[in-house]
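Participant: A predicted structure for the sequence below; I have some questions about it.
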Amino acid sequence: MSPRLTIPDPFASIPRVNLLYPFSSPIHPLQNLSKLATGSAAKGKGNVRVSLYSKREDHSSPLACAGNKYRKLEYIIPDILSSSPRFGAGVAADSPVPLDGRKKVTTLVTEGAIQSNHTVQVASVASKLGLESVVLLHKGTGGGLSSAQDKDAFLRTGNVQVVKLLGADVRMFEKPVAPKTQDDLVEEVLEDLRASGKVPYWIPSGASLHPLGGLGYARCAFEIAEQEREVLGHPGGNGIEQPRFDYIFVACGSGSTLGGLIAGFKLAERSQSQQRTRRPRKVIGILTSPTMRKPYHEERILRFARRAGEMIGLDPQADITMDDVILDDRFAGERYGVLDARTKETLSLVAEKEEVMLDPVYTAKVARGMMHWATGDEIEKELANPPTNGDQQVNVLFIHTGGQSALGAYADI
Ligand SMILES: *Cc1c(COP(=O)(O)O)cnc(C)c1O
């Protein structure tokens with residue numbers, strides 16, 4: 001059971017196994033942060049009222065440490081359980097699992113940084129499905145470990161503790177010595193599992209390179225569109241527009257959450273074409289790692305959005321273009337997984353003003369970016385073009401993608 005969403009075919013017929021609560025993850029106002037944003041917006045030229053809301057993807061599922069990976073996994077499970085999986089054989093994303101006779105997949109295998117949220121959600125899904133899980137944690141991915149004062153604690157607490165409690169076989173790796181790569185390590189693990197009679201199914205980091213990984217957030221876009229009516233109110237009469245979330249802020253790690261949302265909102269906008277007059281919702285990705293440059297991510301986001309778009313019934317080339325990809329790389333901080341001073345201020349601000357806990361790796365950076373847009377003049381500048389007069393109501397949605405279970409490992413913040 002899940003909330004009744006009006007989703008058109010062919011999207012509605014794509015197989016999915018529900019992992020979420022039978023109701024939408026909540027959207028609630030961020031009242032005190034809205035006051036901050038409106039206060040500073042009023043200093044500008046217009047009478048702009050900014051209302052901030054949060055969609056709580058960290059409350060989307062009863063499964064451990066709910067976060068954005070459960071929605072992605074919902075669309076991958078049918079392939080895992082299939083008698084002839086189309087994907088999952090190894091790091092080459094599109095290779096089918098070679099099944100040995102009538103054997104089915106026995107073991108989910110995935111990888112991540114030491115404090116990866118994704119691996120927790122994969123381990124939990126494996127348990128739920130009665131499968132084993134092998135989790136590969138790389139010490140060289142992300143700066144969380146190298147910047148931790150207590151490295152020993154970083155390797156045992158937070159998500160590492162959780163993933164072990166969920167029953168995963170956890171293996172930690174040092175940075176591989178060239179010419180060996182991380183992918184080689186993965187293939188070796190898969191080979192060993194096969195040699196011992198298991199049928200492993202490989203889920204790439206963040207489930208984003210998996211061809212079905214973008215669908216979860218395409219569906220979430222429909223959920224958000226549905227919730228707009230409840231949360232922002234119905235239009236009062238004919239000709240009055242349905243209020244919308246004008247800006248939606250979300251983390252961009254690998255970019256498949258963002259890509260999925262872009263595709264989903266495109267399709268939702270088409271299905272709600274009577275509401276065309278309203279500005280389209282703007283989905284803004286906040287980059288959470290400075291490792292790779294902006295164009296690298298923009299290309300990937302576009303690719304993920306088009307891949308999801310094609311599966312849900314859009315014309316990927318014509319309907320989704322680089323204009324739909326908005327990525328802000330100013331808040332990525334020093335390194336992936338490192339909480340810089342400014343981001344830490346935001347984490348504390350949101351805790352003190354809204355009693356909402358953010359995570360140190362993703363959502364704190366997103367909240368910082370959102371507050372920059374909302375309290376500065378960036379939103380006003382966009383509203384002023386084309387020029388408008390009178391009061392302006394701007395609705396902003398922050399997607400909380402989870403991850404607080406890593407906080408324990410960042411004990412010094
Ligand atoms: C994985 C993760 C993200 C990033 O999602 P992508 O789809 O890889 O961009 C954001 N927030 C949290 C808490 C995550 O665990």
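Facilitator: Done, it's in.

Participant: kindly list the main-chain dihedrals of residue 298?
Facilitator: phi -60, psi -40 (degrees, to the nearest 10).

Participant: how about it, what does it touch?
Facilitator: 322, 325, 327 (Cβ atoms under 8 Å, 6 or more residues apart in numbering). C-beta coordinates here come from the backbone N, C-alpha and C atoms, glycine included.

Participant: quick one: contacts for the residue lying closest to residue 216 once chain neighbours are set aside?
Facilitator: Spatially, and ignoring its direct neighbours in sequence, residue 216 is nearest to residue 71 (3.0 Å; Cβ to Cβ, 6 or more residues apart in numbering). The contact partners of residue 71, by Cβ under 8 Å, 6+ apart, come to 19-20, 57, 60, 216-217, 219-220.

Participant: filter the contacts of residue 298 down to the buried ones and hand me the ChimeraX line.
Facilitator: In ChimeraX syntax, the buried subset of those is picked out as below (16 or more other Cβ atoms under 10 Å):
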select :325,327
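
Participant: can you give me the domain assignment for this structure?
Facilitator: Listed by automatic domain parsing, the domain ranges of the chain are 11-62+211-409, 69-207.

Participant: quick revisit: narrow the contacts of residue 71 to those in strands?
Facilitator: When those are checked against strands (DSSP state E), there are no matches.

Participant: which among these count as buried?
Facilitator: 19-20, 57, 60, 216-217, 219-220.

Participant: and for the residue of the stretch 1-150 of the chain found nearest the ligand, the neighbour number?
Facilitator: Nearest to the ligand in the stretch 1-150 of the chain, going by Cβ to the nearest ligand atom, is residue 117, at a distance of 3.3 Å. Under the neighbour criterion other Cβ atoms under 10 Å, residue 117 is assigned a count of 30.

Participant: and what of residue 8?
Facilitator: Counted with other Cβ under 10 Å, the neighbours of residue 8 add up to 14.

Participant: would you agree it falls within a strand?
Facilitator: No - if the criterion is DSSP: H, G, I helix; E, B strand; the rest coil, then residue 8 is coil and not within a strand.

Participant: could I get the full set of helices for the stretch 251-400 of the chain?
Facilitator: 256-271, 294-312, 316-319, 341-354, 363-375, 378-383 (DSSP state H, counting those that start in this stretch).

Participant: the residue of the stretch 1-150 of the chain closest to the ligand reaches residue 409, doesn't it?
Facilitator: No - here residue 117 does not reach residue 409: they are 11.6 Å apart, not a contact under Cβ atoms under 8 Å.

Participant: low-confidence ranges, this structure, go.
Facilitator: 1-3, 41-46, 93, 100-102, 235-240, 273-278, 384-390 (pLDDT under 70).

Participant: show me where it has strands.
Facilitator: Going by DSSP E, the chain shows strands at 27-29, 47-56, 107-113, 132-138, 169-173, 200-203, 247-252, 282-287, 326-328, 391-400.

Participant: could these go into CSV alongside distance to residue 123?
Facilitator: As requested, these are arranged in CSV below (distance: least, Cβ to Cβ, whole Å):
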stretch, distance to residue 123
strand 27-29, 28
strand 47-56, 22
strand 107-113, 8
strand 132-138, 5
strand 169-173, 9
strand 200-203, 11
strand 247-252, 21
strand 282-287, 27
strand 326-328, 30
strand 391-400, 21
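
Participant: reformat these as a markdown table; add distance to the ligand.
Facilitator: As requested, the strands of the chain are arranged in a markdown table below (distance: least, Cβ to the nearest ligand atom, whole Å):
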| stretch | distance to the ligand |
| --- | --- |
| strand 27-29 | 17 |
| strand 47-56 | 12 |
| strand 107-113 | 9 |
| strand 132-138 | 14 |
| strand 169-173 | 17 |
| strand 200-203 | 12 |
| strand 247-252 | 4 |
| strand 282-287 | 8 |
| strand 326-328 | 11 |
| strand 391-400 | 8 |
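
Participant: how about the residues of the stretch 301-413 of the chain by the ligand?
Facilitator: Counting by Cβ under 6 Å from any ligand atom, the stretch 301-413 of the chain comes close to the ligand at 359, 362-363, 401-403.

Participant: mind running it again at 5 Å?
Facilitator: Contact residues, the stretch 301-413 of the chain versus the ligand (Cβ under 5 Å from any ligand atom): 362, 401-403.

Participant: which of the residues you listed has the most neighbours?
Facilitator: That'd be residue 403 among those, by other Cβ under 10 Å, with 29 neighbours.
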